[in-house]
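# Build the 3D model from these lines:
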Amino acid sequence: VGVLLRGIQKDEIQRGMVIAAPNSIEPHIKFEAQVYVLTKEEGGRHTPFFPGYRPQFYVRTTDVTGKIENFTSDDGSETKMVIPGDRVKMVVELIQPIAIEDN
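Numbers count the residues shown, from 1 in each chain. Prediction:
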């Protein structure tokens, strides 16, 4: 898809940027997500990780570093470590705001 943007220079546009009507999307730096951590056999991690871990998050066509603040297990209790194969809710704070919708 091609888009003609008058008054915008090529170096002002980066991969992952969103074109939207003014005030139609609110950028966020913090979100909560339920995730399943792939095992080594599934092509994922082979070591545990802890709150404070800073992985890359891939959202649609952009990627951004985020800090995992905490984890909650399926039973609702806070956990201090996640191992491959776990399903947890996590709270993440990104280093820069991105367009994320509730869903």
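# distance of the residue nearest to Ile25 when sequence neighbours are not counted from Lys89?
Nearest residue to Ile25, sequence neighbours excluded (Cβ to Cβ, 6 or more residues apart in numbering): Ala99, at 4.8 Å. C-betas here are computed from N, CA, C, even on glycine. With distances taken as Cβ to Cβ, to the nearest Å, Ala99 is found 22 Å from Lys89.
# And Pro55, by the same measure?
16 Å.
# Nearest residue to the middle of the protein?
For the chain, the residue sitting closest to the mean C-alpha position, by Cα atoms, centre = their mean, is Phe57 at 3.9 Å.
# Pretty sure that residue sits against Met90.
No - using Cβ atoms under 8 Å, Phe57 is not in contact with Met90; the gap is 10.5 Å.
# What about the residue nearest to Ile25, how many residues nearby?
Counted with other Cβ atoms under 10 Å, residues neighbouring Ala99 total 16.
# Same question for Glu69.
14.
# CA atoms of stretch 66-76 as CSV?
What follows is stretch 66-76, C-alpha atoms only, in CSV (Å, rounded to 0.1, in the frame of the first residue of the first chain):
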residue,chain,number,x,y,z
GLY,A,66,9.8,-3.0,27.9
LYS,A,67,10.4,-3.7,31.6
ILE,A,68,8.3,-6.5,33.1
GLU,A,69,7.1,-5.1,36.5
ASN,A,70,5.3,-8.1,37.9
PHE,A,71,3.7,-11.5,37.2
THR,A,72,0.5,-13.0,38.4
SER,A,73,-0.1,-16.8,38.0
ASP,A,74,-3.4,-18.4,36.9
ASP,A,75,-4.6,-18.7,40.5
GLY,A,76,-4.2,-14.9,41.0
